[in-house]
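>>> any chance you can model this:
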Amino acid sequence: MFERRRLRIDTVVAIVADADMLCISCAEILYGKEKVQAFIECQPGYEEWCRDHEGNVLGAVLADSLDLHTMYCGGCGVPLCDEYCPCYACPSLWQEYRVIADEGMQEEYTSSERIRLGDEGAFVEGDIRAWDWERDKGIAIVQNQAVYVTWCEEEGGYYVVTQQDIQRLMGLGDV
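Predicted coordinates for the structure are as follows:
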């Protein structure tokens, strides 16, 4: 027999309803505390009466869900992802390329830069999108892919950091 998994209240961090993502407090204000708690606890019959204003069953977003990155509550505006997650530092990288910048990186947009694919590799054009000034590394968009790059003072140029990134860019697949 099929047994429905009960969601623990401390793992549900957001409710999806009426085409918006809401913190639990705002969901309780909009839809009623009883309705939201019944949904979270999977009380019998919740599918019938735990609905948003459009008539859809409420949706749950669990802690550590990728859907939380760069999201804010549609009611109060509080960040829904972990408060220490670096996804908020460079939200466009996550939204466009599903890449989270390392801690310390700041979002910036520059003109195209020449980026070398490894020590002996060819130069390609790329856009630096996030940069950590203390560690001289960042994220660039090269051939419509996000890759980690570093600055090499001796050579006066940017380099793709990992061999895996280089092989992926050259169409050789993963290492």
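>>> use CA for all of it now, contacts and neighbours both
Fine.
>>> secondary structure element for residue 22?
Element membership of residue 22, judged by DSSP states H and E, is strand 20-23.
>>> what packs against that strand?
Judged by 3 or more CA pairs under 8 Å, 6 or more residues apart in numbering; DSSP states H and E, the packing partners of strand 20-23 are strand 12-17.
>>> the strand it packs on: partners in the sheet, and parallel or antiparallel?
In the sheet containing strand 12-17, its partner strands are strand 20-23 (antiparallel), strand 59-62 (antiparallel), by DSSP bridges.
>>> mean neighbour count, mean pLDDT and distance to residue 131 added to these, as a markdown table?
Output for the strands paired with strand 12-17, formatted as a markdown table (neighbours: other CA atoms under 10 Å; pLDDT from 0 to 100; distance: least, CA to CA, whole Å):
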| stretch | mean neighbour count | mean pLDDT | distance to residue 131 |
| --- | --- | --- | --- |
| strand 20-23 | 22 | 92 | 30 |
| strand 59-62 | 19 | 88 | 30 |
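>>> select, out of those strands, the one closest to residue 151.
Closest approach to residue 151 among these (CA to CA): strand 59-62, 38.2 Å.
>>> so what's the gap between the next helix-or-strand element following the closest one and the chain middle?
Moving toward the C-terminus from strand 59-62, the next helix or strand (DSSP H and E) is helix 91-97. Centre-to-centre, helix 91-97 and its host chain are 7 Å apart (CA atoms, centre = their mean, to the nearest Å).
>>> other SSEs contacting the longest strand seen in the chain?
Secondary structure of the chain per DSSP state E: the longest strand is strand 123-132. Packing partners of strand 123-132 (3+ CA pairs under 8 Å, 6+ apart): strand 106-107, strand 112-116, strand 137-142.
>>> please consider this matter closed, and thank you.
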